[in-house]
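[1] Need the 3D shape of this:
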Amino acid sequence: MPLTAPETRLSQAAGIGYGRGMTNTPPPGDRIAKVLARAGVASRREAERMIEAGRVTVNGKPISSPALNVTAKDRITVDGKPVSEPEPSRLWLYHKPPGLVTTARDEKGRKTIFDDLPEDMPRVMSVGRLDLNSEGLLLLTNDGGIKRKLELPATGWLRKYRVRVNGRPKDEDFAPLRKGLVIDGERFQPMTVTLDRQQGANAWLTIGLREGKNREIRRAIEDIGYAVNRLLRISYGPFQLGDLKSGEVEEIRRRVMRDQLGMDAEESGKPTVKRPARPQRKRPTIGKKPRK
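    Okay, the predicted model is just below:
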């Protein structure tokens, strides 16, 4: 029988004088969903759904609510597999090829980005998505907290795309995109649009946006009467695709990651007292060398 959140909290508090008629000291540790996210199992929201589905156990008992704090002494499993201690937070650049879906599992059996990653990659999650036919820069991380932080609209990072459209558009055709559109009742924020050049029957654009709605650029271009036949993300905030080749992965140095994300050492991984970071030169790289 699953352990309910109130039962769990009282059980946790048994040794520290916490509960009805006792002190208001909260139980030690972190919320279970946060721990699962930092261990790279899933984002916090996804972890909460896994808990509600009965897929998570703590000390041999299934739990049904994410309202639970756990510590390093607790034994956690997901789908019967032990959850290891969180590794230091890491971030990668990945050049997604077209034809891959950005999900862990696809109900239609299509190949996913995770099928394409190097075998020595740890368990990672994608920051946002690129649709099946889109390509270019996709950020990957082993930390659900970083994933959530980078996906929040409040982050406001500019994402830039190189976009090829069929036809001979004029610069004024993109005025609706620059002002902001409403398509099927959904509001799209203003985009930056530059008409770069005409190449035969197609035109190349550079588009910047600060949101990440489903197929946003394709839908906006279709709304003004054109069709996108290639879409390549070239940057996500301060992170650039650069000369990273299709299918390649490149790790961002931890110092750069902390600086760009405004993280301190404690947020970016476990305290170094328990798990000292190895010297950068000894860490195995994946794909290309980490950026300086």
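[2] drop to CA atoms for contacts and neighbour counts, all remaining ones
    Will do.
[3] can you pull the contacts of the residue nearest to the spatial centre of the chain?
    Nearest to the geometric centre of the chain sits Val127, at 2.3 Å (CA atoms, centre = their mean). By CA atoms under 8 Å, 6 or more residues apart in numbering, the residues touching Val127 are Leu138, Leu139, Leu140, Thr141, Lys147, Arg148, Leu150, Glu151.
[4] What about the third one? Give its phi and psi, please.
    Pointing back at Leu140 there. Here is the backbone geometry of Leu140 (degrees, to the nearest 10): phi -120, psi 140.
[5] SS state for the closest residue to it other than its chain neighbours?
    Leaving out its chain neighbours, the residue that sits closest to Leu140 by CA to CA, 6 or more residues apart in numbering is Ser126, at 4.5 Å. Three-state call for Ser126 (DSSP: H, G, I helix; E, B strand; the rest coil): strand.
[6] And the strands in the stretch 51-200 of the chain?
    56-58, 61-62, 69-70, 76-78, 81-82, 91-96, 125-127, 135-141, 159-166, 181-183, 186-188, 192-199 (DSSP state E, counting those that start in this stretch).
[7] how much distance is there from the third one to the middle of the chain?
    Yep, that's strand 69-70 we're talking about. Distance of strand 69-70 from its chain centroid, counting by CA atoms, centre = their mean, to the nearest Å, is 24 Å.
[8] For this structure, spot the helix or strand the model is least confident about on average.
    None of the helices or strands of the chain scores lower by mean pLDDT, DSSP states H and E than helix 5-13, at a mean of 43.
[9] What's the first helix or strand after that one?
    Later in the chain than helix 5-13, the nearest helix or strand by DSSP states H and E is strand 30-31.
[10] and that following strand, what does it pack onto?
    strand 69-70 (3 or more CA pairs under 8 Å, 6 or more residues apart in numbering; DSSP states H and E).
[11] pLDDT on the strand it packs on, on average?
    What strand 69-70 shows for mean pLDDT is 90.
[12] who's in contact with it?
    If you take CA under 8 Å, 6+ apart as the criterion, strand 69-70 is touched by Arg9, Pro27, Pro28, Gly29, Asp30, Arg31, Ile32, Val35.
[13] Dump those residues to a markdown table, plus neighbour count and distance to Glu46.
    Below are the contacts of strand 69-70 laid out as a markdown table (neighbours: other CA atoms under 10 Å; distance: CA to CA, whole Å):
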| residue | neighbour count | distance to Glu46 |
| --- | --- | --- |
| Arg9 | 19 | 22 |
| Pro27 | 22 | 23 |
| Pro28 | 12 | 23 |
| Gly29 | 14 | 20 |
| Asp30 | 13 | 17 |
| Arg31 | 16 | 14 |
| Ile32 | 23 | 12 |
| Val35 | 27 | 12 |
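[14] among the contacts of Val127, which two are most distant?
    Leu138 and Arg148 (14.5 Å; CA to CA).
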